[in-house]
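K.L.:
predicted model follows, preceded by the sequence.
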Amino acid sequence: MTLLVGLVLLVMLMVVSVIGFRNTTLSTRMTGNAVDRNISFQSAENAGKEALQVIESNGFGVAHAGHYDPPLPGAGSSTFWTQGPGATVSTSACASTTPFSWKSCAASVASKYAGNAENARYSIELLSRVASGGSTVSTYRVTSRSTGGSGDAEVVLQTIYSQTTTP
């Protein structure tokens, strides 16, 4: 009888241990994914800030990769931007490629964010330019993308930015 009770207790301890191990493994994976997503978010935000600095320094020009005037058709839809890196296309095809090709149609940040698998990328679109009362108001859509440390935690951020210039 003692042997049987001991065996049942050992089996119960083993089951509890296996369940605890699985929970610990799952928690570790979830934490890793959260860290990866956070790195991706911060990297995409950094790319957006770099794009805003380009606009502020009057560096926007359609001769640069990732700068578009007129804006890209279909770019107002989130599915246009979130389909992965996209196929490599020629720069002349960038304005008509759906989904957007982050590989060849976006500008890359100057330096890679710490812990990121690859450089984040951004796109700047001139939405409108209105002259009024001696000043000009330009409205831009800035879209940035990063993939995090694993390359799988895609984050796409978008902001609308207005710049007023006076002669």
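P.N.:
Perfect, thanks for sending it.

K.L.:
could you use CA atoms for every contact and neighbour count after this?
P.N.:
OK.

K.L.:
all strands of the protein, in order?
P.N.:
Taking DSSP state E, the strands of the chain run over residues 67-68, 107-108, 121-132, 135-146, 155-165.

K.L.:
as JSON lines, these with mean pLDDT and distance to residue 48 would be great.
P.N.:
As requested, the strands of the chain are exported to JSON lines (pLDDT from 0 to 100; distance: least, Cα to Cα, whole Å):
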{"stretch": "strand 67-68", "mean pLDDT": "91", "distance to residue 48": "13"}
{"stretch": "strand 107-108", "mean pLDDT": "90", "distance to residue 48": "11"}
{"stretch": "strand 121-132", "mean pLDDT": "93", "distance to residue 48": "7"}
{"stretch": "strand 135-146", "mean pLDDT": "94", "distance to residue 48": "5"}
{"stretch": "strand 155-165", "mean pLDDT": "93", "distance to residue 48": "8"}
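
K.L.:
looking at those strands, which is nearest to residue 21?
P.N.:
Closest approach to residue 21 among the strands of the chain (Cα to Cα): strand 155-165, 31.0 Å.

K.L.:
quick one: strands adjacent to that closest one?
P.N.:
Take DSSP bridges as the rule and strand 155-165 pairs in its sheet with strand 135-146 (antiparallel).
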